[in-house]
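[1] just the structure for this:
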Amino acid sequence: MSMKRSSSTASEMNDFKEEGGKKEYQVSKSRLVSLIDWFTVFRRYVPIIWYLVLVVLTAQITMVLFRHRLDFHTLFTHDVAVVELQRREALSFALKAIAVTAILLWYLGTREKTVYLIDFACFEPPEDWKFTPEQILEMMRLQGCFTEESMAFQERMLMQSGCGPATAWPPGISRCLQGLPRDSSAEAARAESEVVMFDSVRKVLAQTKTNPKDINILVVNCSLFSPTPSLCSMIINEFGMRADTSSYNLSGMGCSAGIISVELVKHLLAAKPNSTALIISTENLTQNLYLGNDRGFLLQNTLFRVGGAAMILSNKWTDAFRAQFKLLHVVRTQYVSEDSYGCVYETQDVNQERGVRLSKDIVKVAGRALEKNFTTLGPHVLPLSEQVKTGFSMLVKMLAKQAHATLGVDFGKINPYIPDFKRGLDHFCIHAGGRGVIDGIEKNLNLTPRHVEASRHALYTYGNTSSSSIWYEMDYIRNRMELKRGQRVLQVGFGSGFKCNSAVWLCLNTPKKKSERDAEPQNAKKKD
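    So this is what the prediction gives:
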């Protein structure tokens, strides 16, 4: 089923060209300038204006009190301190005092509660779960349903995917290499989720020295596997969590669901002071191998792999001293068009074989969704100097256009100033959805190879692990890229629908190396 292109987005989709047999998504400079949304900029800096007003009013009130020689000793030691003011001055003083009080109440009522990421852990697949591309192709051949043309296509996609020589597949599928039939039962799928989730949860609980009964909120996101009882119930029963634990199971949200879970926990923690939350991001492959011959569906067999991650978050001020990161911003974007809605679509092919169809337009749709996401994110992360330069460039271009229209003066082509997001962000975790996605974002954001090193490593080592891929990248950054206190890390996830979600984290403590973190639980056992 082909989806008709929406006329409202047709002009936005013409930046896709092919060079040397390679498709690349191109973004015009004029549209990149629109990454600064001036309404968002205004809303971002309005609080600063109020803070300046507060400082000025407080200074004026203090000057009045000093000018009339208020006895501060009497003020703090007696119930009453008298200051004589003229009527006009007294009225002005009262209005300023009311304004200061109102601004303080507004600040206390609207300021966001701080959310800390204490630590996180990623699932490391056992060696008998890892397979080479040749073994993966043999698994496909042993299914007995793929044509020679489909096998050749899958081989070509595997070689071009960017995945390495040892990525993980679940036992329910890989058992065919041992001469056993594929097991896609509900129990086999549960067994896969148990291994992935239990391993990552045990690791993060040990790293943070957290008792399972201290968890107040539990969020699990898994897009394609939603059993009954839920995955949340699986975790609560395995680790003996409290009966009043607030649990939420997210499904169908695609590869960007990890950031959606972070935003959900952020809002839940805002309503629950002094609470601790556990997030688990994973995906399940056991029941999601496509067994048809439609090329749009076959891509899922060559990209997706087993993976998962668990995170402990908190809003307790005492956790600020041990937390690895502080959440600065979360921006969610739902890119709406017929092309975007159908570019990652679970359905059946003409032979009723179920699978996830990946559109050939997915790279350019991801690029458009990223632009719209950065429209909101830009004012929060870009330095003021970058925003001023961009605004001045837009003003000059507008004045030149008006001068040409009214006076006939031609100033020639004026190149707009493109904001540099690298000035506001130190590290980038781009969803490892495929080599084409990483290449496109690297080019359009003018990133260096080092900025996308973590994304390429995650894709090569683990494959596309769906929503957990950004956490494998974060783990690489803290272990191998000298992440330091005060640096900011951007996570970007893309998901069906089509969604682009981003989160910005501030590093609070220079992370320990992996060897040091792994040694801590062992040292604790020795002491016991």
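[2] surely residue 149 touches residue 298?
    No: the criterion here is CB atoms under 8 Å, and residue 149 misses it with residue 298 at 10.2 Å. The way it works is simple: take the backbone N, C-alpha and C, and place the C-beta from them, glycine included.
[3] between those two, which one's more packed in?
    Taking neighbours as other CB atoms under 10 Å, residue 149 and residue 298 compare with residue 298 leading, 23 against 10.
[4] got the contact list for that one?
    Applying CB atoms under 8 Å, 6 or more residues apart in numbering to residue 298 gives the contacts 150, 153-154, 157, 290, 292.
[5] can you lay out those as a markdown table showing neighbour count and distance to residue 170?
    Formatted as a markdown table, the contacts of residue 298 follow (neighbours: other CB atoms under 10 Å; distance: CB to CB, whole Å):
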| residue | neighbour count | distance to residue 170 |
| --- | --- | --- |
| 150 | 19 | 21 |
| 153 | 18 | 23 |
| 154 | 21 | 18 |
| 157 | 17 | 20 |
| 290 | 23 | 15 |
| 292 | 20 | 20 |
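[6] quick check, nearest of these to residue 450?
    residue 157 (27.4 Å; CB to CB).
[7] what is the burial count for the closest residue to the closest one other than its chain neighbours?
    Closest residue in space to residue 157, ignoring its immediate chain neighbours: residue 302 at 4.1 Å, by CB to CB, 6 or more residues apart in numbering. By other CB under 10 Å, the residues close to residue 302 number 23.
[8] and the gap between residue 346 and residue 497?
    12 Å (CB to CB, to the nearest Å).
[9] of these two, who's got more company?
    Under the criterion of other CB under 10 Å, the comparison of residue 346 against residue 497 puts residue 497 first, with 21 against 16.
[10] list the contacts of the more buried one.
    Contacts of residue 497 (CB under 8 Å, 6+ apart): 254, 334-335, 340-341, 344.
[11] where do the strands sit along the stretch 151-300 of the chain?
    Using DSSP state E, counting those that start in this stretch, the strands of the stretch 151-300 of the chain run over 167-168, 217-221, 246-250, 276-282.
[12] closest one to residue 351 among those?
    strand 167-168 (27.9 Å).
[13] report all helices and strands that the closest one contacts.
    Here strand 167-168 touches strand 130-131, helix 453-462, going by 3 or more CB pairs under 8 Å, 6 or more residues apart in numbering; DSSP states H and E.
[14] can you list these in CSV and add mean neighbour count and distance to residue 118?
    Below are the helices and strands packed on strand 167-168 laid out as CSV (neighbours: other CB atoms under 10 Å; distance: least, CB to CB, whole Å):
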stretch, mean neighbour count, distance to residue 118
strand 130-131, 20, 30
helix 453-462, 23, 21
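[15] closest one to residue 426 among those?
    Per CB to CB, nearest to residue 426 of the helices and strands packed on strand 167-168: helix 453-462, 11.8 Å.
[16] residue 401 versus residue 410, what's the distance?
    11 Å.
[17] for residue 227, that is, sorry about that
    59 Å.
[18] please say which of these two ends up with more neighbours.
    For residue 227 versus residue 401, the count of surrounding residues by other CB under 10 Å is larger for residue 227: 18 against 12.
[19] quick check: pLDDT value at the more buried one.
    On pLDDT, residue 227 comes in at 94.
[20] try the one 4 residues further on
    The confidence metric pLDDT takes the value 96 at residue 231.
[21] count of residues packed around it?
    25.
[22] quick check: closest non-adjacent residue to it.
    For residue 231, the spatially nearest residue (CB to CB, 6+ apart) is residue 220, at 4.5 Å.
[23] and that neighbour, how many residues sit next to it?
    With other CB under 10 Å as criterion, residue 220 counts 27.
[24] now the one 5 residues further on
    By the criterion of other CB under 10 Å, residue 225 has 19 neighbours.
[25] what distance do you get for it to residue 234?
    11 Å.
[26] mutual contacts of those two, please.
    With CB under 8 Å, 6+ apart as the test, residue 225 and residue 234 both reach residue 193.
[27] which residues does the residue nearest to residue 231 contact?
    197, 230-232, 235, 247-250, 279-280, 282.
[28] bridging residues for it?
    Beta-bridge pairing for residue 220 (DSSP bridges): residue 249, residue 280.
[29] what's the pLDDT at it?
    Confidence score, pLDDT, at residue 220: 97.
[30] follow-up on the earlier one: of all the helices and strands packed on strand 167-168, which one comes closest to residue 243?
    helix 453-462 (35.5 Å).
[31] tell me the gap between the helix or strand that that closest one is followed by and the middle of its chain.
    Going down the chain from helix 453-462, the next helix or strand is helix 469-480, by DSSP states H and E. Helix 469-480 sits 13 Å away from the centroid of its parent chain (CA atoms, centre = their mean, to the nearest Å).
[32] remind me what helix 469-480 packs against, helices and strands.
    So helix 469-480, by 3+ CB pairs under 8 Å, 6+ apart, packs with strand 116-122, helix 257-271, strand 308-314, strand 427-430, helix 453-462, strand 488-495.
[33] if we use 7 Å, what do you get?
    In terms of contacts (3 or more CB pairs under 7 Å, 6 or more residues apart in numbering; DSSP states H and E), helix 469-480 is packed against strand 116-122, strand 427-430, helix 453-462, strand 488-495.
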